[in-house]
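Peer 1: structure for the following, please:
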Amino acid sequence: MADRTASPLFQDLHRFAVVGVNHRTCPDAIREQLFVADEELPVVLRSLRVFGVEEAMPLSTCDRVEVAGVFPNPEEARSVIAKILCAPVGLDPALLEPLLYRHVGGDAVAHLFRVAASLDSQVIGEPQILGQMRAGHRLARSLKSSGPLIDATMSAAFEAARQVRRETRIAEGPVSIAAAALAVAKDVHGALDSTKALLLGAGELGLILAEQLHDGHGTPVTVIDRIDRRAQATAKSLEAHHRPFNELSAALTEADIVISAMGEGRAVLSAEMIGSTLQKRRYHPIFLVDLSVPPDIDPAVNRIDEAFLFDLEDLERTATEGKNARRAEADRARELVDAAVARFLSDQSGRTAAPAIVRIRQHLEAMRTALHEEQPNLTAEEATRLLLKRILHAPSEHLRRLAATETLDDRTIATLVELFGLHEEQGEDE
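Peer 2: Sure thing, here's the model as predicted:
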């Protein structure tokens, strides 16, 4: 176990890694099997400890499954995480390992900052991921799997995310799209407090819309997902109900608003299915929102009377803010996050150097005091020359030994040049 008495963050930073998959790197069919529910987390953490991972914080959402941790050897982190995630579901780790991304050191810190600020989300600016990360961090701490490096990084990442929310309008994109969907829903059904909603999947924008229906209009929400434990987790976060996937037909019949955020890359709801649903509903209107690209709902549904289908492009046209404005806000948010990462790493680096600086000062002060006690009658020039000789004795001898063994490399020389400001002196001589 590493010594955590001084500078715990930078001491372990070279072994800090984030390994996982997200909506860009891994097919949905594989990623959805890797979902880790809260009650399964202790087993995952025990497995991580078996592999020598000292600190760990898993994060599992509909769009990402990843682990941040201090690994014995970051080069083997992909292999370790592939084995741990695949074991419970019987997947071949060799199939998953090439799909895993790996960020190490400062890159791992920057990745977590971007995720917290929702810059790595499928829908940039969505607010759910910050809450999910907070919950994941709290759970890791309660299970005593977090530690000084993760705690410090997450605290700074959360503050950076808050700054992005305060200083940019990045969240207005998802909110405006959700507002557009609610406006259309009101056009179809009137007051929404007498409607029922069905959420398919758990894409970020779907969660936002379901949350606004539930919290803002008192609309009961039911969640269905192919992975039942993920449906349960989503329903819990929304204070909603959940049903197994094999009850989809019955749930559709009861729903006035259908929010589809499955993201399976193919049509989940066919025109025939919606036609049959409307017949069972005695042709009472149904409003369908397709938030996936490619679409979850067959576009032929548009030709069915009393079925009102809107996709992302339709909602974009209805939303008050355009894509260009959101893109500019996202660029500004990235600048803020990059600056926050740089400040954090610089600050922690300074803390790492501080103990060494204090020791050097104390050592030199002890040498000055000893010289004064040994030879109190020396002139200032004599004392200065003798003190300088004593200060340089040990470093000079060490450099000679390095040179004799041919281990005095260019990097060491460059460091000495920087430490003593020799570049500046050369410039003055010229």
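Peer 1: and the longest helix belonging to the chain, how far out from the chain's middle?
Peer 2: For the chain, the helix with the greatest residue count under DSSP state H is helix 323-374. For helix 323-374, the gap between its own C-alpha mean and the chain's C-alpha mean amounts to 24 Å (C-alpha atoms, centre = their mean, to the nearest Å).
Peer 1: which other residues reach the next helix or strand after it?
Peer 2: As assigned by DSSP states H and E, the chain's next helix or strand after helix 323-374 is helix 380-404. Residues outside helix 380-404 that contact it (C-beta atoms under 8 Å, 6 or more residues apart in numbering) are 364, 367, 368, 371, 372, 375, 378, 408, 412. (C-beta placed from N, C-alpha, C; glycine too.)
Peer 1: closest to residue 45 among those?
Peer 2: Proximity of the contacts of helix 380-404 to residue 45, judged by C-beta to C-beta, is greatest for residue 412, which lies at 41.0 Å.
Peer 1: rounded mean pLDDT for the one helix or strand residue 82 maps to, please.
Peer 2: Take DSSP H and E as the rule and residue 82 turns out to sit in helix 77-86. For helix 77-86, mean pLDDT is 96.
Peer 1: in the stretch 151-300 of the chain, which spans are strands?
Peer 2: 197-201, 221-224, 241-242, 257-261, 286-290 (DSSP state E, counting those that start in this stretch).
Peer 1: out of the ones you listed, flag the one nearest residue 121.
Peer 2: Of all the strands of the stretch 151-300 of the chain, strand 257-261 comes closest under C-beta to C-beta, at 12.6 Å.
Peer 1: what about the closest one, distance to the chain center?
Peer 2: Centroid displacement of strand 257-261 relative to its chain, using C-alpha atoms, centre = their mean, is 26 Å.
Peer 1: and it, which strands flank it?
Peer 2: strand 197-201 (parallel), strand 286-290 (parallel) (DSSP bridges).
Peer 1: who touches whatever helix or strand comes next after the last one?
Peer 2: Put plainly, it is strand 286-290. Following strand 286-290 in sequence order, the next helix or strand is strand 307-311 (DSSP H and E). Contacts to strand 307-311, defined as C-beta under 8 Å, 6+ apart, come from residues 181, 184, 188, 274-275, 278, 285-291, 295, 297, 299, 301-302, 318.
Peer 1: and residue 236, what pLDDT?
Peer 2: 90.
Peer 1: residues in contact with it?
Peer 2: With C-beta under 8 Å, 6+ apart, residue 236 has no contacts at all.
Peer 1: state the distance from it to residue 223.
Peer 2: Noted for residue 236: a distance of 9 Å to residue 223, by C-beta to C-beta, to the nearest Å.
Peer 1: and what of residue 48?
Peer 2: 29 Å.
Peer 1: these two: which is more packed in?
Peer 2: Each of residue 48 and residue 223 has its neighbours counted (other C-beta atoms under 10 Å); residue 223 has more, 28 against 21.
Peer 1: quick one: that one and residue 202 touch, right?
Peer 2: Yes - with contacts counted by C-beta atoms under 8 Å, residue 223 reaches residue 202, the gap being 7.4 Å.
Peer 1: need the residues touching each of these two.
Peer 2: Shared contacts of residue 223 and residue 202, defined by C-beta under 8 Å, 6+ apart, are found at 231, 234.
Peer 1: domain map for the protein?
Peer 2: For the chain, automatic domain parsing gives the domain ranges 8-165, 172-323.
Peer 1: who wins for proximity to residue 345 among those?
Peer 2: domain 8-165 (5.5 Å).
Peer 1: in the chain, which residue is most central in space?
Peer 2: In the chain, the residue lying closest to the centroid (C-alpha atoms, centre = their mean) is residue 115, at 3.2 Å.
Peer 1: the nearest residue to residue 111 once chain neighbours are set aside: helix or strand, and which one exactly?
Peer 2: Sequence neighbours aside, residue 103 is the residue nearest to residue 111 in space, at 4.4 Å (criterion: C-beta to C-beta, 6 or more residues apart in numbering). Following DSSP H and E, one finds residue 103 within strand 101-104.
Peer 1: elements contacting that strand?
Peer 2: strand 16-22, helix 77-86 (3 or more C-beta pairs under 8 Å, 6 or more residues apart in numbering; DSSP states H and E).
Peer 1: so how far is the next helix or strand after that strand off the chain centroid?
Peer 2: Counting by DSSP H and E, the next helix or strand C-terminal to strand 101-104 is helix 106-116. Centroid displacement of helix 106-116 relative to its chain, using C-alpha atoms, centre = their mean, is 6 Å.
Peer 1: contacting residues around helix 106-116?
Peer 2: 13, 16-18, 59, 64, 68, 103, 120-121, 129-130, 133, 153-154, 156-158, 160-161, 334, 337-338, 340-341, 344-345.
Peer 1: and if you look at stretch 183-200?
Peer 2: Outside stretch 183-200, the residues that touch it by C-beta under 8 Å, 6+ apart are 182, 206-207, 210, 213-214, 217-225, 234, 238, 240, 248, 251-252, 254-262, 268-269, 285, 287, 296, 308, 310, 315, 318.
Peer 1: make it 6 Å
Peer 2: Identification of contacts with stretch 183-200 by C-beta atoms under 6 Å, 6 or more residues apart in numbering yields 206, 210, 213, 217-224, 251, 254-260, 262, 285, 287, 308, 310.
Peer 1: can I get the CA coordinates of the strand holding residue 103 in CSV?
Peer 2: Presented in CSV, the C-alpha positions along strand 101-104 are these (Å, rounded to 0.1, in the frame of the first residue of the first chain):
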residue,chain,number,x,y,z
TYR,A,101,-11.1,3.3,-23.5
ARG,A,102,-8.3,4.0,-21.0
HIS,A,103,-7.2,7.4,-19.7
VAL,A,104,-4.2,7.6,-17.3
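Peer 1: direction included, what does it pair up with?
Peer 2: Paired neighbours of strand 101-104 in the sheet (DSSP bridges): strand 16-22 (antiparallel).
Peer 1: residues of the helix holding residue 82 that come out buried?
Peer 2: Residues of helix 77-86 classed as buried: 77, 78, 79, 80, 81, 82, 84, 85, 86 (neighbour count, 16 or more other C-beta atoms under 10 Å).
Peer 1: over to stretch 364-378?
Peer 2: Across stretch 364-378, burial judged by 16+ other C-beta under 10 Å covers residue 371.
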